[in-house]
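1. build the 3D model from these lines:
(one chain, ligands or ions: 1)
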Amino acid sequence: MASSPWTTLPTAAWTPTQYILTALAAVVVAVLYRFSPARLDPREPPALKASIPLIGHIIGLLRHGIDYFARLRTAQPKKLAAATLPILNGKVYVLWDVALIQSALRHKNLTFDLLSMEFAQRVFGLSDLAMEKLWGPEHEIESSVAPVTMHRIKGAMQGQNLFRMNTRALNYVADELNGLGPEGLRIPSLYRWLRDFMTMATSEGIYGSQNPVREDPSLIEALWEFETNMQPLFLGVLPSIIARKAVINREKVIKALVPWYQARKDYAPDVAAITKVRAESSREFGIPEDEIGRLEMALLFVATTNTIPTLYWFTVFVLLRPQVVAEICRETLPLVTVTTEGGRRVATVDISKLEEQCPLMVSCYREAIRLGNQGFGTRRIMHDTVLTDGEGREYLFKAGVDMMWSAKALHRSPETWGPDAMEFGPERFKDQEKFDRNKKHSYIPFGGGKHLCPGRNFAFAENLGFMAALVVGFEVLGLKEGNVKLGTAIIGEAVAKPPAGAEGGEVTIKRKAGWEDVEWRFVC
Ligand code: HEM
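-> All right, here's what the predicted structure looks like:
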């Protein structure tokens, strides 16, 4: 009888040491398997292996931050359109080619919603129950709350809805400017002043007359403390330990928002449509009432986090150039109507015509965003997708993988913007209609496709409305070039903040001669 091969095994001959060594080897093999880089299909973008396997790219990102992808590309012998970065046992795609990035922004297989959902849970601390509701019964991203709400938000940020929100926010800007007495206002830090009063203006636009931030202005500091310290929350582990300051400040803001939504203050007629539709979508999906305020901290966050640093860059880049200030004042003056009401002089700025009649101011705004906006664009691939680069080469992008690109790399490319790409060029966007395709496609401060930022027009109104009144009716004294330095965004930020010590320094704002007694107003 032929013996089974198993019967020949030396079953009883192993020593305890051999057992231990075999078990250890099995563990090592399992770990290596788990963390070995995923295999690539030859149609995927070429793999760029880091010198330190598994974690090299993570170290690169930690070391070089937002500039890592640009450095990686420069280090290659030939210019790549895209690459696959093996990270731990997975991978991330990075795109550099403009045509590929534009196709990614517009492709229906790629979504931002999955990332927004993860962001909501990790950053704002939503419970598993709330997440279950957000996902909906089918647990599919397409039928979850995210695309439904985003679709509704777009309508809520247009036409009359937008005008009402702009007017309420700008009325607060007017209050701030009207409060300036004849002696002017001495501001210890220009950035802090802009940050604080525009956060209040924005919250007025969002929440109306029962604004919880007006009821407790210390929420402004809490919001920005959260914002500055929240990055470790992206990791989704031990939030109270790794991001203690962010969590404490987040909870302070949430504590004010939860009762606001529980009391259904979003039903009031002067609350912005975006605030209403977001809260109603949450209620429709069955999010527990006591978590709506938690989720809705996201609204206050997105409405301020990028607009306000943008306002700072726009303001300082303009104010440092007296000739630009004079020209913007000249083009804005026809939009300011001075009337007399009950013995008071009222100056009304019509912001609906700013885009059409103030080409230099609009150009300066777009240029400030080009330099200030440096963030990574991100999408998750829902189904295997083929995209084509500018030279007609096709690449396969596999489902479940994230892809990223750097707005900073596109916004600063000398090939696209010329040798002065790093400089502020006030007039650069004056002939925007004549931009070639490459320039048009390389300007992506608000993302694109179906996730194109729905708040961009609100940000435009706040920024340009403020600037219009400032250049016509006020002068800012004491701003020094040495107190301004363009910062670098950190990972997770779209718009860079000014570095510590370069926040514009101390300035004084005074009413201009001839405008001492006017009361400012805005119409949209
Ligand atoms: C200058 C100011 C702003 C900048 C630079 C900015 C930038 C961006 C960017 C880059 C995205 C990602 C788009 C993509 O990946 O395609 C985004 C999305 C978004 N932004 Fe803004 N944003 C600004 C102001 C605002 C304001 C004021 C609001 C709300 C009041 C807002 C609400 C949103 C929302 C809700 C999304 C998500 C859209 C979606 O997932 O479909 N943003 N923004």
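2. residues in contact with residue 364?
-> 314, 317-318, 324, 328, 426 (Cβ atoms under 8 Å, 6 or more residues apart in numbering). C-betas here are computed from N, CA, C, even on glycine.
3. do the same with residue 105
-> 377, 379, 444, 447-449, 451.
4. name the helix or strand for it, please.
-> In this structure, residue 105 sits in helix 98-106 according to DSSP states H and E.
5. for the record, mean pLDDT for that helix?
-> For helix 98-106, mean pLDDT rounds to 98.
6. same question for stretch 479-490.
-> 95.
7. and that stretch, what's buried?
-> Neighbour counts over stretch 479-490 (16 or more other Cβ atoms under 10 Å) mark 479, 483-484, 486-487, 489 as buried.
8. touching the ligand at all, that stretch?
-> No - Stretch 479-490 stays out of contact with the ligand when judged by Cβ under 6 Å from any ligand atom, the minimum separation being 10.8 Å.
9. hang on, isn't residue 125 packed against residue 248?
-> No - between residue 125 and residue 248 there is no contact, the gap being 11.9 Å when judged by Cβ atoms under 8 Å.
10. the more surrounded of these two?
-> residue 125 (19 against 14; other Cβ atoms under 10 Å).
11. one step back: in helices, which of the contacts of residue 364 appear?
-> Under the assignment DSSP state H, the contacts of residue 364 contribute 314, 317-318, 324, 328 to helices.
12. closest one of the residues you listed to the ligand?
-> Nearest to the ligand among the ones in helices among the contacts of residue 364: residue 314, at 9.1 Å, using Cβ to the nearest ligand atom.
13. the closest one contacts residue 362, doesn't it?
-> No - if you go by Cβ under 8 Å, residue 314 and residue 362 don't touch, sitting 10.7 Å apart.
14. neighbour-wise, which of those two wins?
-> Ranked by neighbour count (other Cβ under 10 Å), residue 314 and residue 362 place residue 314 first, with 23 against 20.
15. mind checking pLDDT for the nearest residue to the more buried one once chain neighbours are set aside?
-> Distances taken as Cβ to Cβ, 6 or more residues apart in numbering place residue 368 nearest to residue 314, at 4.0 Å, with adjacent residues excluded. In this model, residue 368 is scored at 98, pLDDT.
16. same deal with residue 89?
-> Reported pLDDT for residue 89: 88.
17. tell me how many other residues crowd it.
-> As a measure of burial, residue 89 has 14 neighbours, counting by other Cβ under 10 Å.
18. check residue 224 too.
-> Count around residue 224 with other Cβ under 10 Å applied: 19.
19. residue contacts, it?
-> Contacts of residue 224 (Cβ under 8 Å, 6+ apart): 195, 199.
20. one more time with 6 Å, if that's ok
-> Contact partners of residue 224, counting by Cβ atoms under 6 Å, 6 or more residues apart in numbering, are absent.
21. how about the helix or strand where it lies, does it get close to the ligand?
-> Residue 224 belongs to helix 218-229 when assigned by DSSP H and E. No - Helix 218-229 does not reach the ligand (Cβ under 6 Å from any ligand atom); its nearest approach is 13.6 Å.
22. let me see the residues that make contact with the very next helix or strand once past that helix.
-> Using DSSP H and E, the helix or strand that follows helix 218-229 in sequence is helix 239-242. Outside of helix 239-242, the residues within contact range by Cβ under 6 Å, 6+ apart are 232-233, 247.
23. which of these are buried, as a PyMOL select command?
-> Typed into PyMOL, the line below selects the buried ones among the contacts of helix 239-242, using 16+ other Cβ under 10 Å:
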select buried, resi 232+233+247
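24. look at residue 158 and say how many residues are nearby.
-> 13.
25. distance of the closest residue to it other than its chain neighbours relative to residue 140?
-> Excluding its sequence neighbours, the residue lying closest to residue 158 (Cβ to Cβ, 6+ apart) is residue 457, at 7.7 Å. Distance of residue 457 to residue 140, computed by Cβ to Cβ, to the nearest Å: 31 Å.
26. right, and the ligand sits closest to which residue of the stretch 1-150 of the chain?
-> Closest point on the stretch 1-150 of the chain to the ligand, by Cβ to the nearest ligand atom, is residue 150, at 4.1 Å.
27. now the host helix or strand of that residue - C-alpha only, PDB.
-> Using DSSP H and E, residue 150 sits in helix 145-156. What follows is helix 145-156, C-alpha atoms only, in PDB (Å, rounded to 0.1, in the frame of the first residue of the first chain):
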ATOM      1  CA  VAL A 145     -27.200  62.100   2.500                       C
ATOM      2  CA  ALA A 146     -24.100  63.600   1.000                       C
ATOM      3  CA  PRO A 147     -25.000  63.900  -2.700                       C
ATOM      4  CA  VAL A 148     -28.600  64.800  -1.800                       C
ATOM      5  CA  THR A 149     -27.600  67.700   0.400                       C
ATOM      6  CA  MET A 150     -24.900  68.900  -1.900                       C
ATOM      7  CA  HIS A 151     -27.400  69.000  -4.800                       C
ATOM      8  CA  ARG A 152     -29.800  71.100  -2.600                       C
ATOM      9  CA  ILE A 153     -27.000  73.400  -1.400                       C
ATOM     10  CA  LYS A 154     -26.200  74.500  -5.000                       C
ATOM     11  CA  GLY A 155     -29.800  76.000  -5.400                       C
ATOM     12  CA  ALA A 156     -29.500  77.500  -1.900                       C
END
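28. what about the strands in the stretch 201-350 of the chain?
-> For the stretch 201-350 of the chain, the strands defined by DSSP state E, counting those that start in this stretch occupy 336-341, 344-350.
29. what packs against the longest one?
-> Packing contacts for strand 344-350, counted by 3 or more Cβ pairs under 6 Å, 6 or more residues apart in numbering; DSSP states H and E, involve strand 336-341, strand 519-523.
30. repeat the analysis, applying 7 Å as the threshold.
-> strand 336-341, helix 456-473, strand 519-523 (3 or more Cβ pairs under 7 Å, 6 or more residues apart in numbering; DSSP states H and E).
31. again, but for the first one
-> Identification of packing neighbours for strand 336-341 by 3+ Cβ pairs under 7 Å, 6+ apart yields strand 344-350.
32. now do the strand it packs on and strand 519-523, the angle between them.
-> 30 degrees (axes from the mean of the first three to the mean of the last three Cα atoms, to 10 degrees).
33. who in the stretch 51-200 of the chain is up against the ligand?
-> 105, 112, 116, 150, 153.
34. burial of the second one, as a residue count?
-> Looking back up the chat, that one is residue 112. Residues near residue 112, counting by other Cβ under 10 Å: 20.
35. just the fourth one next, same as before
-> Here the neighbour count serves as a burial measure; for residue 150 (other Cβ under 10 Å) it reads 17.
36. so what's it scoring on pLDDT?
-> Per the predicted model, pLDDT is 93 at residue 150.
37. follow-up on the earlier one: out of the contacts of residue 105, grab the one that's most surrounded.
-> residue 379 leads the contacts of residue 105 on contacts (other Cβ under 10 Å) with 28 neighbours.
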